[in-house]
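Novice: I need the structure of the sequence given here:
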Amino acid sequence: MDLQMKNVNVLRFKSLVVGLVSASILPGCFNDSKAKSPAVVETSSFRVQMVDQSGARLSTGSIRIVDAVGGDGDAPRFSLASDDNSKTDYSVVDDAVAGTGGVVDLNLLSTSPLISDDPLDVVFVGSAPNFVSSSSLQSITAPGDYLITITLTAINSPASVPVASQSATGSATSAGGVTNTVADISSSTITRAADSVSNTAAVKGTTSVTVPAGTQLKTSTGAPAAPGELTLTVVHFDNDTGADVDPDFVPSNGSLALFPGGLDTTIEDDDPSTPESGSFSSAGFAAIELRDSNGDLITEFSGNPVSIEITIPAGTPFPAGATGAGLVDTAPVGTVNAGDTVPVWTYNELTGKWKPQLDPDTGLPIIATVESKSDNTLFVSFETDHLTYFNLDYWYNYCNSSVYAPASFNVIDAAGQPNARQFSLSYYQSSGGWARTKRAYSLDTFSSVDVYRAPNFPVVFELKEGSESLIATFEPAAGDPILSQNGKLSLSNICELDGGTIKLNKTNPGAPTNIPVDFTVVNSCSDVPGEFIAVSDATGFVTGGDSSVVNVPLGASTGTGIVNLSSNVDFIFSATAGGSTNSTPTFTPAQVSENGVRLVLGSQTCITTTGGTGATGTAGTAL
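Specialist: Take a look at the predicted model:
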């Protein structure tokens with residue numbers, strides 16, 4: 001199935017198609033003398049996937065749909081595309097479309113209200129073994145075909161991801177139906193410098209956690225934790241953008257792209273029944289979990305509070321206009337300094353919503369004071385009676401009137417014609433704290449764009465084709481045209497774009513053609529440097545920027561295959577074998593048509609018992 005889809009988290013491209021089905025008038029079926037109006041039928045589809053921090057699709061785990069703010073009763077409106085049965089929990093093993101490696105296709109129930117009459121406000125929550133759970137908030141106001149991606153972070157991420165993790169073990173004893181820690185359990189992450197040679201991303205902050213001795217432990221079911229070994233895992237996420245470190249690091253927005261639920265999200269205020277929507281600007285965030293000897297997650301702590309310390313990198317933004325009581329911004333205004341305050345938030349993975357972290361003694365939201373160590377490192381510390389995601393964030397309302405009010409602008413090419421070139425939107429705070437990159441998934445039009453959930457603070461804005469910035473000028477709805485700076489616009493907020501026109505520095509591309517591309521899946525030879533060996537049992541597929549999924553027929557013994565791909569679409573190649581999965585960065589067929597694509601899946605020993613080496617994989621563009 002080849003679907004044209006839209007990423008609806010923050011933008012929607014216009015020209016949505018609403019299907020009209022005419023009702024047949026059958027003689028003898030009714031006695032009305034007047035003709036009845038045709039019934040309006042909306043045709044929508046929802047392709048849902050979980051990916052890791054590199055964009056590789058996950059083939060294990062589960063997806064749950066829950067109601068978001070204003071979406072009471074929306075989650076049960078979904079069903080598998082293959083049936084018409086209400087369902088909110090899906091397995092990417094049992095419910096995935098065959099051959100897609102974990103894609104779940106959904107429809108709305110036949111009895112569901114029309115989206116145009118009753119928009120969808122839901123949260124897609126994803127979880128998978130050895131990954132930190134996350135979610136994607138969606139507000140869907142019009143019918144269409146949608147791609148919904150939930151990005152999960154591996155607990156042990158590669159060095160190219162700006163995430164640091166550390167685990168420690170302890171022990172627990174059980175007596176009288178109560179499980180207690182035997183001694184203090186502590187774990188701290190460390191900082192890491194960027195190194196482009198080894199493709200190492202910087203991690204400038206740290207997180208430290210201590211679970212005191214004698215703390216009572218319960219699992220998510222309320223049962224006492226199992227006695228025996230305890231494992232405390234801390235994952236610290238850098239709050240900078242990847243562009244400030246190295247544009248080739250994954251993901252492109254640094255670990256901000258891994259923020260659970262996205263930086264544009266839903267929070268619960270003092271009344272949990274009335275959540276609010278807006279944007280976070282992050283001073284740092286961490287995921288912390290403690291598991292018992294059975295591997296069950298411990299969620300409740302009593303007797304002694306757990307202490308947490310999170311450091312804040314120098315220069316972290318404190319944009320004006322944050323909402324909430326008790327906020328202090330000392331000089332120099334606009335950046336986080338000692339003496340400032342920052343709210344502490346906690347995340348509910350099951351609902352995809354953030355809420356203020358409450359002080360375990362007073363029950364009031366924690367507004368932490370930023371302190372400074374002897375080496376001038378900034379930090380905050382607080383106590384908690386549960387473990388999950390925690391973040392230090394300032395909260396901002398959207399610059400437009402509501403979730404459903406977009407900032408809309410037109411895009412023309414260098415010749416003044418409606419743009420037909422595929423691009424991605426990238427906008428971010430230049431010193432970190434907030435970033436967003438979204439690819440243009442629709443093939444309907446690239447000449448008229450709606451940006452939803454527009455943050456109300458200054459950002460740098462780009463339209464990009466690969467790594468190339470495309471903006472030449474911006475003509476606002478009122479005022480003189482603005483020249484870009486190296487293809488970038490500096491905006492006080494995204495709503496400045498509303499009603500305006502962006503002119504690109506390129507003319508429209510020619511008509512697309514199909515280009516044959518060779519694919520090879522190999523392992524590197526751990527015992528023969530520079531050599532590779534074909535993977536004989538791999539399955540592979542390419543995912544297009546138009547959301548198409550195309551299987552790559554890899555040879556059973558050669559690990560090679562060939563597929564014709566459209567010249568005007570960006571693609572990612574993914575392959576799986578022996579429990580290992582990997583994906584390439586984004587590429588265009590023209591970039592790889594000469595040498596093909598070679599994907600390194602893993603490593604193995606290649607020296608044979610006869611003293612030779614295994615067959616080496618064919619040459620290709622290593623992506």
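Novice: Phi first, then psi, for the nearest residue to residue 313 once chain neighbours are set aside.
Specialist: Closest residue to residue 313 in three dimensions, ignoring its sequence neighbours and counting by CB to CB, 6 or more residues apart in numbering: residue 204, at 4.0 Å. Where C-beta positions appear, they are placed from N, C-alpha and C, glycine not excepted. Dihedral angles phi and psi of residue 204 (degrees, to the nearest 10) take the values phi -90, psi -10.
Novice: Run through the residues that contact residue 204.
Specialist: With contacts defined as CB atoms under 8 Å, 6 or more residues apart in numbering, the neighbours of residue 204 are 191, 238, 240, 313.
Novice: repeat that with 10 Å
Specialist: Contacts here follow CB atoms under 10 Å, 6 or more residues apart in numbering; on that basis residue 204 touches 162, 164, 191-194, 236, 238-240, 245, 284, 311-316, 377, 432.
Novice: Just the buried residues from these, in PyMOL please.
Specialist: To isolate the buried ones among these in PyMOL, judged by 16 or more other CB atoms under 10 Å, type:
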select buried, resi 162+164+192+194+236+238+239+240+245+284+311+312+313+316+377+432
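Novice: Out of the contacts of residue 204, which sit inside strands?
Specialist: 164, 236, 284, 311-312 (DSSP state E).
Novice: Among the residues you listed, which one lies nearest to residue 412?
Specialist: Comparing these against residue 412 with CB to CB places residue 284 closest, at 40.2 Å.
Novice: Do you know the pLDDT at the closest one?
Specialist: In this model, residue 284 is scored at 87, pLDDT.
Novice: what about stretch 588-599, start to end distance?
Specialist: End-to-end distance for stretch 588-599, by CA to CA, to the nearest Å: 15 Å.
Novice: which parts of it are buried?
Specialist: Judged by neighbour count (16+ other CB under 10 Å), stretch 588-599 contains these buried residues: 588-589, 591-593, 596-599.
Novice: Now pLDDT too, for the residues you listed, in CSV please.
Specialist: Putting these into CSV (pLDDT from 0 to 100) gives the following:
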residue, pLDDT
588, 85
589, 89
591, 86
592, 88
593, 84
596, 90
597, 91
598, 90
599, 89
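Novice: okay, which residue is most central for the chain?
Specialist: Geometric centre of the chain, nearest residue: residue 151, 3.8 Å, by CA atoms, centre = their mean.
Novice: quick one on the thing from earlier: taking the contacts of residue 204 one by one, which sit in helices?
Specialist: Secondary structure from DSSP state H places none of the contacts of residue 204 in helices.
Novice: tell me the mean pLDDT for the helix or strand that contains residue 464?
Specialist: Element membership of residue 464 [criterion: DSSP states H and E] is strand 459-465. The average of the pLDDT scores along strand 459-465 is 87.
Novice: after that strand, next one along is what?
Specialist: Heading towards the C-terminus - elements assigned by DSSP H and E - strand 459-465 is followed by strand 468-469.
Novice: Which elements pack onto that next one?
Specialist: strand 459-465 (3 or more CB pairs under 10 Å, 6 or more residues apart in numbering; DSSP states H and E).
Novice: Each with direction, which strands does the strand it packs on pair with?
Specialist: Its sheet considered, strand 459-465 pairs with strand 424-428 (antiparallel), strand 468-469 (antiparallel), strand 489-491 (antiparallel) by DSSP bridges.
Novice: what about dumping the CA coordinates of it to CSV?
Specialist: What follows is strand 459-465 as a C-alpha-only set of coordinates in CSV (Å, rounded to 0.1, in the frame of the first residue of the first chain):
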residue,chain,number,x,y,z
VAL,A,459,13.5,30.7,17.0
VAL,A,460,15.7,30.2,14.0
PHE,A,461,13.6,28.9,11.1
GLU,A,462,14.7,27.0,8.0
LEU,A,463,13.3,25.1,5.1
LYS,A,464,15.8,22.4,4.1
GLU,A,465,16.6,20.0,1.3
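Novice: How far away from the center of its chain is it?
Specialist: Strand 459-465 sits 18 Å away from the centroid of its parent chain (CA atoms, centre = their mean, to the nearest Å).
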